[in-house]
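S.K.: How does the following fold in three dimensions:
(2 chains)
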Amino acid sequence: MNEENQLQLQMECTIFFQENPYAMESRDGLAMRLGRKPEHLEATLQRLVSLTILERFGNGPRSIYRYVPPKITTETVVGWTSS
Amino acid sequence: MNTVTSGIKGLDTVLNGGVPAGASVVVEGAPGTGKTTLAMQFLHQGAAVGEAGLYITFEELPEQLYREMDAYGWDLKELEREGKLRVVSISPDLLMEQMLEPGGLFEQLVAETAAKRIVLDSISLYRYGNLSVREQRETFYRLRSVLKRHGLTALLIREESLSEEDKPAFENYVFDGVIRLRLKVYMEKYRMRTVEVTKMRGRPLLEGEHVYRITGEGIHVVPARSMVEDVAVLKNQKCVSTGLDRLDQVLDGGLAEGTVYLLDTNSKANYKYIMGSIVAKRFEQGETVIALLSSFNSPMEMTNMLAAHGISLEEIIEKERLYLVEHYRRPHPKGLSDYILDVSRHSNQEYREWLAQVLEPVFKKGFSEGRKFFVYYDLNTIVAERGKEFIRNYFAEETAWARSMGVTVLALCNFAEIGDEIASYLERTCNGVLRTWVDGCYQHIQVTKAPNGKISEPMLVENMEERPFIRMV
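M.R.: The predicted structure is shown next:
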């Protein structure tokens, strides 16, 4: 997967958790919500955890991801469109 | 048992106070019945009374719920910011895993929010997958145990398909209560929303189906058999016990003074114990009773009825606390004849004059001595001896007079015998109607009209050895 696609998935995941800040999802569950393949999300989720946008609970394929809300929040909805 | 207010208008009345605290209650219904709205309203109410809530959604996304509930003016995001609510999306199997895990995410979630209420939307998903029926049951038992361990009052949404409407799901046996929402076809063209609480452990309920509406403020239940209270009638009025506990409960203490009640009965229904208990109570309260005898209710019958309640007829007659009005020519026990007001030879006109010339002075004398009166009479006798017209012409006038003088009246009548028109006229004229009937081997009684607006469910009448010889179940 190229960098552009990675960024696209990263944005989709971030928006999902921003819109649903108390979602608790496994990789497979999130893939279902977003309409993506689970294996495509693997790297994205790892990256979001390293950026502390998400936190991981547990290890292995049953790990649960949840959002780490930023300290300062606004009501602004982050939009994204493909160019 | 403590209860928590549901926040749903009318539902707390049906639940006799609210949802039992710490109970796990299934809310079942077909799509479109308003389960989600009801559940969210329950949490919204919790937030208003300082009981934080968790809404756990398995399928619907929180963002959808935020939007949908906005229509009712419920700002869920604001409640989340205030720490009063949290809408959590998670898959059912992950939730169960975390619920069972010591220190797991579920425990953390309850601790973080200090939640007291929870909604799971929907537990139907635990039915899917490769689980056997036994495993599914175990899953529900585990779920119930976890919710109890945390002391959460829970609403568990269950999707109901039309095909399973008539057989209860096994979840309903596991959890403490079941609230069933239905969308029923009504008068062929319309659809009527009804709610029925089919189970609630350890709580008396307002049984039956109750209509509800989904309004701009959420769900509004109108409890069935709830009529407008006659505030004007009840104001400052004392109630006198009927001597029958269940009947007193429905009537908020008994028969209200200065009101008129009708006891609809038929020949099969053994109403003499009801009458006996009511009349005995009036004597206990020191009231003076005017009793119109019937072909069945002879002075001898009256003597026995009162004796069974420990009251001597001769004694109270001598104290001028009982007057018997007799429409029939028949022999009376020795010594009693002097106290019986015989109207058997009177024409209707003469009877009217007699009422004014003989009976009214009895009342006037009593009022001047500070006495209270209870009139009990058999309308069937009036119909038989004076005709329906007599009732049509004078019943309203007589009861209006009684009300204005603070006299309580109980009239016996057989609706089936006197016909619909007069029956409905009598029902309108009286403040309360008690109906008793026999169905197979059982006698039933139901309060179908009362000054306090309450209408009871049909109660079974059971005989007892001791006073008052019957009880209502």
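S.K.: Now do the same for the residue of the stretch 251-400 of chain B found nearest chain A: helix, strand or coil?
M.R.: With CB to the nearest CB as the measure, B:Asp252 is the residue of the stretch 251-400 of chain B nearest to chain A, at 46.8 Å. From N, CA and C alone the C-beta is placed, and that goes for glycine too. Secondary structure, DSSP: H, G, I helix; E, B strand; the rest coil: B:Asp252 is coil.
S.K.: The stretch 251-400 of chain B: helices as residue ranges?
M.R.: Remark: helices assigned in the stretch 251-400 of chain B by DSSP state H, counting those that start in this stretch are B:272-284, B:299-308, B:313-318, B:348-354, B:360-368, B:379-386, B:388-404.
S.K.: Buried deepest among these, which one?
M.R.: Across the helices of the stretch 251-400 of chain B, the average number of neighbours (mean count of other CB atoms under 10 Å in any protein chain shown) peaks for helix B:272-284, which reaches a mean of 22.
S.K.: quick one: average pLDDT of that helix?
M.R.: Averaging pLDDT along helix B:272-284 gives 91.
S.K.: now stretch B:196-215
M.R.: Taken as a whole, stretch B:196-215 has a mean pLDDT of 87.
S.K.: low-confidence ranges in chain A?
M.R.: Scanning chain A for pLDDT under 70 picks out A:72-83.
S.K.: ok, now with 90
M.R.: Scanning chain A for pLDDT under 90 picks out A:1-6, A:32-35, A:58-62, A:69-83.
S.K.: sorry, back to before: pLDDT value on the residue of the stretch 251-400 of chain B closest to chain A, please?
M.R.: For B:Asp252, pLDDT reads 86.
S.K.: Distance check, the closest residue to it other than its chain neighbours against B:Val250.
M.R.: Nearest non-adjacent residue to B:Asp252, counting by CB to CB, 6 or more residues apart in numbering or on different chains: B:Asn452, 4.7 Å away. Note on B:Asn452: its distance to B:Val250, by CB to CB, to the nearest Å, is 8 Å.
S.K.: ok, back up a step: let me know the helix or strand that the residue nearest to B:Asp252 is in.
M.R.: Take DSSP states H and E as the rule and B:Asn452 turns out to sit in neither a helix nor a strand.
S.K.: ok, and the closest non-adjacent residue to B:Phe469?
M.R.: Nearest to B:Phe469 is B:Tyr273, by CB to CB, 6+ apart, at 4.7 Å.
S.K.: how about that neighbour, what does it touch?
M.R.: With CB atoms under 8 Å, 6 or more residues apart in numbering or on different chains as the criterion, the residues that contact B:Tyr273 are B:Asn463, B:Pro468, B:Phe469, B:Ile470.
S.K.: burial count for the third one?
M.R.: Other residues within reach of B:Phe469 by the criterion other CB atoms under 10 Å in any protein chain shown amount to 18.
S.K.: In this structure it contacts B:Ala280, no?
M.R.: No. If you go by CB atoms under 8 Å, B:Phe469 and B:Ala280 don't touch, sitting 10.5 Å apart.
S.K.: picking that back up, looking at the contacts of B:Tyr273, which two lie furthest apart in space?
M.R.: Using CB to CB, the contacts of B:Tyr273 span at most 10.5 Å, a distance reached by B:Asn463 and B:Pro468.
S.K.: Which of the two has more residues huddled nearby?
M.R.: Between B:Asn463 and B:Pro468, counted using other CB under 10 Å, the more crowded position is B:Pro468 (19 against 10).
S.K.: which SS class is the more buried one?
M.R.: Counting by three-state DSSP, the backbone at B:Pro468 sits in coil.
S.K.: list the contacts for the spatially closest residue to it that is not a sequence neighbour?
M.R.: Using CB to CB, 6+ apart and skipping residues adjacent in sequence, the residue nearest B:Pro468 is B:Ser277, 3.8 Å away. If you count contacts by CB under 8 Å, 6+ apart, B:Ser277 has them with B:Thr242, B:Gly243, B:Leu244, B:His309, B:Arg467, B:Pro468, B:Phe469, B:Ile470.
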